[in-house]
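Peer 1: Sequence and predicted model, in that order:
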Amino acid sequence: MNWRSFFRKYVRIISINELFALSGQVAYYIILSFFPFVIFLLTLVGFLDISNVEFFDSFKFLLPAETIQMVETIVIEIFSVRSSPALLVLSMIGALWASLNGINALMRGAGKAYGLQETWSFFRLKLSALLFFVIVALAIVGSFLVLIFGQKLANIFVYLLGPDNIFPLIWQNLRLLIQFIFLIMIFILLNIIATHNKYPIRSYFAGSLFSAGGWIIISLAFAYYVNHFNSYTLAYGSIAGIIILLLWLYWSCVIFLLGSALNAALIDRAN
């Protein structure tokens with residue numbers, strides 16, 4: 001199969017499985033799970049030596065300012081509301097359920113991109129989504145630990161060698177590389193779970209690399225457009241942050257499913 005035939009095969013996979021329309025369905029479930037997942041992360045991060053401000057600052061290079069501000073405001077309001085322990089437990093159960101639905105939607109979308117029929121039972125799907133949820137949450141906390149350690153190391157170098165040493169600059173670039181590698185690992189894991197580990201791990205790398213790189217490029221481009229042209233704020237007013245978040249989530253789902261379709265096309269080409 002030459003590259004022209006491969007490209008036609010890739011476009012056919014996208015068209016037959018209606019991945020752009022499917023991304024809208026997945027984004028709907030993801031928006032339900034987005035805030036519960038952020039709240040869960042903040043709860044875990046609360047055990048570390050990192051403030052909410054530092055937590056949200058780490059995402060500012062990816063998300064537009066309006067979205068970051070809206071998410072931060074909503075999360076702070078949720079944490080500031082006092083409720084009974086029973087209501088808090090019920091809220092956490094509902095938040096976990098919404099997050100699992102979002103993960104299941106992503107897995108179904110990726111499975112459809114591979115052309116696979118779902119064979120797992122309802123409870124097995126929920127357990128696999130819960131496993132992915134816990135692994136991702138712990139991995140994010142672990143990445144924060146690495147970033148915190150690196151920042152403290154950079155501060156030590158500044159103290160010992162002065163502000164003109166090169167390590168802080170190296171660390172800023174290394175920090176982006178760590179987050180990029182983390183994204184690739186997350187996409188590989190999600191593809192493995194979505195296909196029930198049907199293919200070798202190396203089969204998921206190309207599409208996961210495409211998804212991670214494309215996700216960062218689209219996020220940066222989207223943030224640049226919104227922050228500099230500001231047309232969404234003029235058109236939608238105070239709900240601009242919500243519109244921006246929805247669009248960002250939709251295109252994030254598109255990029256992920258396109259990466260899964262790329263893996264499927266490469267697997268078909270190798271057979």
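Peer 2: Noted; the coordinates are in hand. These numbers come from a predicted model, not from an experiment.
Peer 1: give the contact list for residue 190.
Peer 2: 106-107, 110, 132, 256 (Cβ atoms under 8 Å, 6 or more residues apart in numbering). From N, CA and C alone the C-beta is placed, and that goes for glycine too.
Peer 1: ok, now how distant is it from residue 242?
Peer 2: 25 Å (Cβ to Cβ, to the nearest Å).
Peer 1: Repeat that for residue 9.
Peer 2: Per Cβ to Cβ, residue 9 is found 38 Å from residue 242.
Peer 1: The stretch 151-271 of the chain: helices as residue ranges?
Peer 2: Secondary structure of the stretch 151-271 of the chain by DSSP state H, counting those that start in this stretch: the helices cover 167-194, 205-229, 231-236, 240-270.
Peer 1: can you list the ones you listed in CSV and add mean pLDDT?
Peer 2: Putting these into CSV (pLDDT from 0 to 100) gives the following:
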stretch, mean pLDDT
helix 167-194, 79
helix 205-229, 82
helix 231-236, 63
helix 240-270, 85
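Peer 1: who wins for proximity to residue 74 among the ones you listed?
Peer 2: Closest to residue 74 of the helices of the stretch 151-271 of the chain, according to Cβ to Cβ: helix 240-270, at 9.2 Å.
Peer 1: Which positions within that closest one qualify as buried?
Peer 2: 240-267 (16 or more other Cβ atoms under 10 Å).
Peer 1: on contacts alone, who are the packing partners of that helix?
Peer 2: Helices and strands touching helix 240-270, by 3 or more Cβ pairs under 8 Å, 6 or more residues apart in numbering; DSSP states H and E, are helix 3-16, helix 19-45, helix 65-80, helix 85-113, helix 167-194, helix 205-229, helix 231-236.
Peer 1: give me that answer again for 6 Å
Peer 2: Secondary-structure packing of helix 240-270 (3 or more Cβ pairs under 6 Å, 6 or more residues apart in numbering; DSSP states H and E): helix 3-16, helix 19-45, helix 65-80, helix 85-113, helix 205-229, helix 231-236.
Peer 1: which residues touch the nearest residue to residue 184 once chain neighbours are set aside?
Peer 2: Closest residue to residue 184 apart from its sequence neighbours, by Cβ to Cβ, 6 or more residues apart in numbering: residue 212 at 4.6 Å. Each residue near residue 212 by Cβ atoms under 6 Å, 6 or more residues apart in numbering is listed here: 183-184, 187.
Peer 1: Distance of residue 176 relative to residue 216?
Peer 2: Going from residue 176 to residue 216 by Cβ to Cβ gives 9 Å.
Peer 1: These two: which is more packed in?
Peer 2: Neighbour totals were compared for residue 176 and residue 216, and residue 216 leads with 17 against 12 (other Cβ atoms under 10 Å).
Peer 1: correct me, but residue 17 touches residue 110?
Peer 2: No - with contact defined as Cβ atoms under 6 Å, residue 17 does not reach residue 110; the gap is 10.4 Å.
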